[in-house]
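Sequence and predicted model, in that order:
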Amino acid sequence: MTSYKTIKDVAVITIENPPVNALSLAVREGILDGLSRASKDDTVCAIVIIGGGRTFPAGADISEFANGKAFTKPLPQIIEKIESTQKPIVCAIHGTAFGGGLEVALGCHYRIASTRSKVGLPEVNLGILPGAGGTQRLPRLIGVWLAAEMICSGKPIEAVDADAKGILDDLVEISSLESVQTEYDKLLDAAITLALRVKNHSLEGKRVSQLKVEPVSDFFYEQLALQISKNARGMNAPLQALKAVKASAMFPFKEGMQREQQILGRLFVSSQAKALQHIFFAERQTMKIPGIDMKKGVPIKFVGVIGAGMMGSGIAINFIKKGIPVVLIDAEQEFLDRGVKAIEDYFKGRVKKGKTTRFLADRSLGYLRPSLHYEDLSNVDLVIEAVFENLDVKKSVLKHLDEICKPQTILCTNTSTLDIDQIASATNRPDRVIGTHFFSPANVMRLMENVAGSKTSERTIASVMQISKTISKIPVLVGNCFGFIGNRMLFPYNNQANALLQEGAFPHDVDKVLYDFGFPMGLFQMSDLAGNDIGLHIRKAQGIVDPSQRDPNERYVSTTADKLCEMKRFGVKSSKGWYSYAKGSRKGRPDKEVMDLIVENSKAEGFVRRNISAKEIEERCLYALINEGFKCLEEGMAYKPGDIDIIWIYGYGFPPQKGGPMHYADAVGLKKIYDSILQYGKADPKTSAWKPSKLLEQLASSGKKLAKYWTKKLKAQSNL
Ligand SMILES: CCCCCCC/C=C/C(=O)SCCNC(=O)CCNC(=O)[C@H](O)C(C)(C)COP(=O)(O)OP(=O)(O)OC[C@H]1O[C@@H](n2cnc3c(N)ncnc32)[C@H](O)[C@@H]1OP(=O)(O)O
């Protein structure tokens, strides 16, 4: 896990724990061992600590938090040892020196970094704080203001910025074209040169823990706390981290460390830390699917997109940004021009905001080829249709593509609800047809539901999952059912919200509860933002808007929603929907016309309106959602509970500090949820969503947790 060698009388401790050189117990032991050898060897005049491969440690080993290993030879002790060593220690940073990695660097006496590297303390994103002395050393090195900003936001910074802030002693210039090996060699060279230069220098002023902190006024802490409460609403760790930073300015180092450790101890066992760490791993697990070998994917070098509307142009942006050429097709010149302009405007905006350079923007735009002719797609490796959400339209587009594209081309359909098998049946290559459900705006939202039809091949799945990653998406493979996972679960959740209106609540009552739970907005606000006509379109496709076509045994909850569309209350775009909006504003106000309509409909549908508690609103919306999630798992439509959590966090704003609906279910207790579902179902027998999932029933009665049960099940499957 570490190696030790001497070069020109400098001891070099190399951390070798790929892929990110996380500071596991074995690494910590290796560092201790290296320090001890170097200290005892009289020929060694200085020490260099460097990461092998592509990076300096990207942090403590997060998997050791749950199994308690982090407490054996804990990182703060190792860093203390580094700092108190009598020979100068130079740390050489490349890649990502994050969390514990940066804290190790802060314990060293000198820090140099490649200009390509990044440093940061992202621990708050995992529900903890930089608890290996980071909250005490960084303010001593760069001042409370800058340190608090870095620690509480968790955002990494570029090496050049870190140098300007005073974190680094020197930079090693590495161009973007140089290989990781060249970067490593140049960095090591520079580190040894520096070590030899300072070998006889006093370490006075080089031990960061001994530096003084300039105090700042309480006003600063108050302002930052306000900003955090707004930007990281509902998250504990950033505010707690701020307390620890404040301690650095109030107490000597030793006492400050004690405060840091006390706060860390509390955060460590918090439900938020568990939820956020679950999300960290779940996000990285979406590519691991039983029975799919991701290496079987074929490279995608040339892409086609059909439809230059908002969705199609957003999709195209993802590819050209990564240097993958795109042919963008539309039937009408006017629509094509509009799509191209939207793409150009997007890049112009990025240049204006300083997010990219004119050169890079132009380079990306150079990869875009607008066209009115399907024939231009004859050579693409993959094509995504983003035309109107209608089965017949999509089938005819895919049929046409099947005739024109080369036989190996993968045909993707961007749909949010339609049946992939039916769409694939229009082609002679159903094995090469797959759903790619981008979320809107497609160039912003990172989630992608990739939908496997019954005939989609392993190679197609692997290729599409890989290319999704390449364009920086978080791809989740899901099964082919109505609404896939995200929208399928949205229906019962949304239905409960509408049912609550029938029984006595108003939109702002429901929205407040969901906002307080941690969603960025409530369901009615979300519907107004997306456009209420979308829901109506889906209900029409389901055939439930016309009362004569409805199942009489199923409760219909959308009468008010339907009437809103009749009244042209489509939402923000028409300045009125569930709420009313001042022109150009997205902030809705409760509207008397809507409230009267809701009351009128309740009466007409035979409901006696009552006061509904916040607890009931929360439980009914969330438990209906969770029950559907269990059904997706038991039917094999979702492959892992964590996949559902990722979909809901990245696609629908489920609060990450609650870990996603399935993690949250385990935290609440499956028995409690199951019993509540039975109770709500008894009071509302005409809502089939209250029929409990068999899987939920089984786990609730056996007292098992979903996460543990599923991990065991997957392990058993992979051993078969
Ligand atoms: C008394 C106890 C004291 C404890 C003190 C604790 C104080 C310190 C705390 C910390 O340091 S917490 C960790 C802080 N660091 C981070 O949060 C960084 C996390 N990693 C990343 O952001 C990214 O991985 C990356 C470094 C930017 C690299 O991104 P890339 O896209 O290239 O790779 P990934 O797919 O994300 O990761 C590859 C592989 O590595 C695993 N992994 C990454 N970081 C860690 C880690 N810190 N610990 C354990 N494992 C890590 C990741 O899960 C992937 O694994 P596989 O999916 O391939 O199995």
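Sure thing, it's come through.

Every contact and neighbour count from this point should use C-alpha atoms.
Fine.

and Cys412, what does it touch?
382-385, 433-436 (CA atoms under 8 Å, 6 or more residues apart in numbering).

Looking at those residues, which is nearest the ligand?
Thr436 (21.5 Å; CA to the nearest ligand atom).

And what about the closest one, helix, strand or coil?
Of the three states, Thr436 takes strand according to DSSP: H, G, I helix; E, B strand; the rest coil.

what bridges to it?
Judged by DSSP bridges, the bridge partners of Thr436 are Asn450.

ok, the closest residue to Val608 other than its chain neighbours - how many residues close by?
The spatial neighbour of Val608 that comes closest, neighbours along the chain excluded (CA to CA, 6 or more residues apart in numbering), is Glu503 at 6.7 Å. If you count neighbours by other CA atoms under 10 Å, Glu503 ends up with 20.

residue contacts, Ser396?
Per CA under 8 Å, 6+ apart, neighbours of Ser396: Ala426.

Quickly note the distance from it to Ala426.
7 Å (CA to CA, to the nearest Å).

Let me see the contact set for Asn231.
With contact set as CA under 8 Å, 6+ apart, Asn231 has no partners.

Give me the pLDDT for it.
At Asn231, the pLDDT value in this model is 93.

what's the helix or strand for the residue of the stretch 551-700 of the chain found nearest the ligand?
Relative to the ligand, the nearest point of the stretch 551-700 of the chain is Gly642 (13.1 Å; CA to the nearest ligand atom). Mapping Gly642 onto the secondary structure by DSSP states H and E places it in helix 641-652.

Pull that helix out as PDB, backbone CA atoms only.
Listed next in PDB are the C-alpha coordinates belonging to helix 641-652 (Å, rounded to 0.1, in the frame of the first residue of the first chain):
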ATOM      1  CA  PRO A 641     -32.400   0.000  -4.100                       C
ATOM      2  CA  GLY A 642     -29.500   2.400  -4.500                       C
ATOM      3  CA  ASP A 643     -30.400   2.900  -8.200                       C
ATOM      4  CA  ILE A 644     -33.800   4.100  -7.200                       C
ATOM      5  CA  ASP A 645     -32.300   6.500  -4.600                       C
ATOM      6  CA  ILE A 646     -30.000   7.900  -7.300                       C
ATOM      7  CA  ILE A 647     -32.900   8.400  -9.700                       C
ATOM      8  CA  TRP A 648     -34.900  10.300  -7.100                       C
ATOM      9  CA  ILE A 649     -32.100  12.400  -5.800                       C
ATOM     10  CA  TYR A 650     -30.700  13.500  -9.200                       C
ATOM     11  CA  GLY A 651     -34.000  13.500 -11.100                       C
ATOM     12  CA  TYR A 652     -36.600  14.700  -8.700                       C
END
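
Numbering from 412 from now on, please.
Fine by me, first position is 412 from now on; the one you just mentioned is helix 1052-1063.

Which SSE is immediately downstream of it?
Counting by DSSP H and E, what follows helix 1052-1063 is helix 1072-1079.

Report all helices and strands that that next one contacts.
Judged by 3 or more CA pairs under 8 Å, 6 or more residues apart in numbering; DSSP states H and E, the packing partners of helix 1072-1079 are helix 1025-1045, helix 1052-1063, helix 1117-1130.

what's the angle from the longest one to helix 1052-1063?
Meaning helix 1025-1045. 120 degrees (axes from the mean of the first three to the mean of the last three CA atoms, to 10 degrees).

what's next to helix 1025-1045, contact-wise?
896, 899-901, 903-905, 907-908, 911, 920-921, 924-925, 928, 1049-1052, 1055, 1072-1073, 1076, 1084, 1088, 1091, 1100-1101, 1103-1107.

Quick one: distance of it to the chain centre.
22 Å (CA atoms, centre = their mean, to the nearest Å).

Pull up the residues of the stretch 412-561 of the chain that are close to the ligand.
Applying CA under 6 Å from any ligand atom, we find that the stretch 412-561 of the chain lies next to the ligand at 430-431, 433, 469-474, 481-482, 485-486, 507, 509-511, 533-534, 541-543.

count of neighbours near Arg548?
Arg548, neighbours per other CA under 10 Å, totals 27.

so what pLDDT did it get?
We have a pLDDT of 98 for Arg548.

Please apply the same query to Leu1131.
Confidence for Leu1131, expressed as pLDDT, is 59.

Ends of stretch 828-842, what's the gap?
Start-to-end, stretch 828-842 (CA to CA) is 20 Å.

and what of stretch 929-949?
From its first residue to its last, stretch 929-949 covers 27 Å (CA to CA).

can you list the residues that contact it?
Outside stretch 929-949, the residues touching it (CA under 8 Å, 6+ apart) are 644-645, 905, 908, 918-919, 921-926, 956, 972-973, 975-976, 980-984, 987-990, 997, 999, 1064-1066.

rerun at 7 Å
With contacts defined as CA atoms under 7 Å, 6 or more residues apart in numbering, stretch 929-949 is touched by 645, 905, 918, 921-923, 925-926, 973, 976, 981-983, 988-989, 1064-1066.

Can I have the buried ones of these as a PyMOL selection?
Command for PyMOL, covering only those of the contacts of stretch 929-949 found buried under the criterion 16 or more other CA atoms under 10 Å:
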select buried, resi 645+905+918+921+922+923+925+973+976+981+982+983+988+989+1064+1065+1066
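
which intervals of this protein have sub-threshold pLDDT?
Residue ranges of the chain with pLDDT under 70: 1130-1131.

What residues does it have near the ligand?
Residues of the chain found near the ligand (CA under 6 Å from any ligand atom) are 430-431, 433, 469-474, 481-482, 485-486, 507, 509-511, 533-534, 541-543, 692, 695-696.

one more time with 5 Å, if that's ok
469-473, 482, 485, 509-511, 534, 541-543, 695 (CA under 5 Å from any ligand atom).

Can you list which of the residues you listed are found in strands?
Phe509 (DSSP state E).

Could you pick out the buried ones from the residues of the chain next to the ligand?
Applying 16+ other CA under 10 Å to those flags 469-473, 485, 509-511, 534, 541-543 as buried.

residues near the residue of the stretch 962-1111 of the chain closest to the ligand, how many?
The tally of other residues near Gly1053 (other CA under 10 Å) stands at 26.

Verify the stated contact: it with Phe691.
No. Using CA atoms under 7 Å, Gly1053 is not in contact with Phe691; the gap is 10.0 Å.

Now for the two: what residues contact both?
The contact sets of Gly1053 and Phe691 do not overlap (CA under 7 Å, 6+ apart).

Find the closest residue to the ligand in the stretch 662-811 of the chain.
Arg695 (4.8 Å).
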